[in-house]
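Visitor: any chance you could fold what I've pasted below:
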Amino acid sequence: MRLIFMGTPDFSVPALNALHDAGHDICAVYTRPPAKKGRGMSEKLSPVHECAEVLGLDVFTPKNFKSSETVATFASHQADLAVVVAYGLILPESVLSAPEKGCWNIHASLLPRWRGAAPIQRAIMSGDKQTGICIMQMEAGLDTGAVLLRREIDIDHTDTASNLHDRLMELGGDTIVEAINEYENLQPIQQSETGVTYAQKIDKLESRINWSENADQLDCFIRGLSPFPGAWFDAEGDRIKVLAARPVETLPDVKHKAGEVLDAGNGAPIIACGIGALELVRLQRAGKSAMTGEEFQRGKGLKPGMLLL
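Guide: Numbers count the residues shown, from 1 in each chain. Got it, this is the predicted structure:
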């Protein structure tokens, strides 16, 4: 099939490779323009751009699709289908309808749950037991199109946003190839309006730990924000990220304030929560490397009785 591929970050790369390896004619790759990064503010190509160059594919980097010339160039590729995954730009109707079969999106959730920008993080933060990949026919609404193919995976109690991201990006590549191969047999399913949730972009301000919540909820919260932007707390003016934690039980007849530092059990700090407690397994001070809870306590650690904010 003659394809246009549209994507930008690491998450998009396995799908591009999978489509290329499957023998499809990728006539154009669209990705975000090079961004200035680093101390020297040198321009850096997106992961998709770098991959496309290795594969010898033509790359286009428009800032948007507001001009008629940009839309005309897109249409001139005469593609059968455009595959879109984490591209980073809103596509107008003139682009969505240009390919013969329209545009298909690889979305990392079980729609209609977690429409939007941060479905992987939100699924873990909310304690979901399953997630997956949906291949969706794109339309003007935010992730509202008919689902063409759906593949599910379990969320493990140790999954972080990082490793679930990596599992889903590989599944996305496999699933889009399967969907194109089975195109003639696909039965589009309109999304239900029941169970719709929105995965808003993660705001750093919401990453602060609220110790009054129960330990299991906070474990999900921390894993969903690990490693970026990282759940954090304030300890006497120091902002400290928690990259990994483990719920532990507290003695039922002993009362503690939420956020109170308890005695370290096996060397890592243990913090009282609204219900239960958390052992902080991996932490990171601002500007420092991540370290284990035991290593953290051997330095300027948390003292029993200290109240974290």
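
Visitor: strands along the stretch 51-200 of the chain, start to end?
Guide: Using DSSP state E, counting those that start in this stretch, the strands of the stretch 51-200 of the chain run over residues 59-60, 81-85, 103-107, 115-116, 130-137, 147-154, 198-199.

Visitor: my guess is residue 27 contacts residue 82, does it?
Guide: No: Residue 27 is beyond contact range of residue 82, at 10.2 Å (criterion: C-beta atoms under 8 Å). For every residue, glycine as well, the C-beta is placed using N, CA and C.

Visitor: who has more neighbours out of these two?
Guide: residue 82 (25 against 16; other C-beta atoms under 10 Å).

Visitor: residue contacts, the more buried one?
Guide: Residue 82 makes contacts with 3-6, 95, 98-99, 102-104, as judged by C-beta atoms under 8 Å, 6 or more residues apart in numbering.

Visitor: one more time with 10 Å
Guide: 3-6, 28, 30, 74, 91, 95-96, 98-99, 101-105, 138 (C-beta atoms under 10 Å, 6 or more residues apart in numbering).

Visitor: next: residue 239.
Guide: 208, 230, 232-233, 284-286.

Visitor: of all the residues you listed, which two lie farthest apart?
Guide: In terms of C-beta to C-beta, these reach their longest pairwise distance at 208 and 285, which sit 15.7 Å apart.

Visitor: of those two, which one has the most company?
Guide: residue 285 (16 against 13).

Visitor: quick check: phi and psi at that one.
Guide: When read as degrees, to the nearest 10, the backbone of residue 285 gives phi -80, psi 150.

Visitor: could you tell me which residues touch both of residue 27 and residue 82?
Guide: Taking C-beta under 10 Å, 6+ apart as the contact rule, residue 27 and residue 82 both touch 3-5.

Visitor: neighbour-wise, give me the winner out of the residues you listed.
Guide: That'd be residue 5 among those, by other C-beta under 10 Å, with 29 neighbours.

Visitor: do you know how far it is from residue 176?
Guide: Residue 5 is 10 Å from residue 176, where distance means C-beta to C-beta, to the nearest Å.

Visitor: can you pull the residues that touch both of those two?
Guide: Joint contacts of residue 5 and residue 176 (C-beta under 10 Å, 6+ apart) are 15-16, 19, 24, 81, 83, 85.

Visitor: what's the closest of those residues to residue 220?
Guide: residue 85 (25.7 Å).

Visitor: circling back to that earlier point, restricted to buried residues, select the contacts of residue 82 in ChimeraX.
Guide: Command for ChimeraX, covering only those of the contacts of residue 82 found buried under the criterion 16 or more other C-beta atoms under 10 Å:
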select :3,4,5,6,28,30,74,91,95,96,98,99,102,103,104,105,138
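
Visitor: take the contacts of residue 82 and keep only those in helices.
Guide: Assigned to helices by DSSP state H, the following of the contacts of residue 82 qualify: 74, 95-96.

Visitor: which stretches in the stretch 101-250 of the chain count as helices?
Guide: In chain order, the stretch 101-250 of the chain shows helices spanning 119-125, 161-181, 215-224, with DSSP state H, counting those that start in this stretch as the criterion.

Visitor: of these, which stretch is the most buried?
Guide: A comparison of the helices of the stretch 101-250 of the chain by mean neighbour count, using mean count of other C-beta atoms under 10 Å, puts helix 119-125 on top with a mean of 24.

Visitor: nearest to residue 10, out of the helices of the stretch 101-250 of the chain?
Guide: Smallest distance to residue 10 across the helices of the stretch 101-250 of the chain (C-beta to C-beta): 7.0 Å, for helix 161-181.
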